[in-house]
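In: with the input below, show me the fold.
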Amino acid sequence: MTEKEKMLAGILYDANNDKNLLKERMLCKDICFEYNNVKPSDTKTQELLIKKLLGKTKDNFSILAPFWCDYGYNIEIGENFFANHNCVILDCAKVTFGDNVFIAPDCGFYTAGHPLDYERRNQGLEYAYPITVGNNVWIGAGVRVMPGVTIGDNVVIGAGSVVTKDIPSNKIAYGNPCKVVKDNKYVKKVL
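Out: Residues are numbered from 1 along each chain as shown. Predicted coordinates for the structure are as follows:
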C-alpha cells in the first residue's frame, strides 16, 4: 500500500518522506501562492486557479486570499460557498462543504493529526480523517475544526470555537471545546 493510499484510508502514513506526497503538496502550495498573489480585481484568474486546485466546485463561490491547503484535490465546495481571508484547509483526507456555507476570517479545517506517542510521531507518521460541513452553515471567525468532525445542516459555530466532536443539524454551538448551546430557532423552510 502506498503512503497516499494509507493517507486516504485513514491509517498512519508517512507524509514527510514520501516523494509523491511531497511533490503533490509542493504543486498545491505553488498554486496557492499564485492564487494569493493575484490582484483581488482579477476574479477570472482567481476562479480558474481555484477550479484547478480543488477537487470539486459548483458555479458560485468566493475564497478571499490568503488561502492555503495541502493537496486541494480532497476539497469539495458547494454552491454559494464563501471563505473569508486566511482560511487554511489541511486536506489530507476529504473535506466536503455543502451549499450556502459561510466561513469567517482566520478559520482552519484540519484533517491531519499525529500519534500521541512520541516514537511514532518522531518518525513523521500522521493520520487523516475526513471533515464534512453540511448546508446553510455559518462558521465564525477563528474557528478550528479537527479531524473526523461532521457539522450538520443549518448550524452556526460561534467565533473562536475548537470543534472536536460532531455537531448535529439545526444547532448553535460554541466554545473550546465546542458544544451545542441551543437549537437554531432561526431555521425556516425556504419557499
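
In: quick check: which ranges of this protein have low pLDDT?
Out: Scanning the chain for pLDDT under 70 picks out 187-191.

In: can you map out the helices along it?
Out: 3-9, 19-36, 43-53, 118-122 (DSSP state H).

In: quick one, which of these gets closest to K94.
Out: Closest approach to K94 among those (C-beta to C-beta): helix 3-9, 8.1 Å. To be clear about C-beta, it is placed using only N, CA and C from the backbone, and glycine gets the same treatment.

In: just the CA trace of that closest one, in CSV.
Out: The C-alpha coordinates for helix 3-9 follow below in CSV (Å, rounded to 0.1, in the frame of the first residue of the first chain):
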residue,chain,number,x,y,z
GLU,A,3,1.6,6.2,1.6
LYS,A,4,-1.1,8.1,-0.3
GLU,A,5,-3.4,5.1,-0.2
LYS,A,6,-2.7,4.9,3.6
MET,A,7,-3.5,8.6,3.9
LEU,A,8,-6.8,8.3,2.1
ALA,A,9,-7.7,5.2,4.0
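
In: ok now it, how far from the chain's centre?
Out: With C-alpha atoms, centre = their mean, to the nearest Å as the basis, helix 3-9 stands 18 Å off its chain's centre.

In: would you mark the buried spots in it?
Out: By 16 or more other C-beta atoms under 10 Å, the buried positions in helix 3-9 come out as E3, K4, K6, M7, L8.

In: what does it rub up against?
Out: For helix 3-9, the surrounding residues in contact (C-beta atoms under 8 Å, 6 or more residues apart in numbering) are M1, L12, Y13, D14, A15, D18, N20, L21, E24, C92, A93, A128.

In: which of those lies closest to F33?
Out: When the contacts of helix 3-9 are ranked by distance to F33 (C-beta to C-beta), E24 comes first, at 15.1 Å.

In: just the ones of the contacts of helix 3-9 in strands?
Out: Of these, the ones assigned to strands by DSSP state E are Y13, D14, A128.

In: ok, F81 touching K58?
Out: Yes: judged on C-beta atoms under 8 Å, F81 makes contact with K58 at a distance of 7.3 Å.

In: quick one, which of the two is more surrounded?
Out: F81 (23 against 13; other C-beta atoms under 10 Å).

In: how about the more buried one, what does it touch?
Out: T57, K58, N60, F61, S62, I63, F97, D99, N100, V101.

In: out of those residues, which are buried?
Out: T57, F61, I63, F97, D99, N100, V101.
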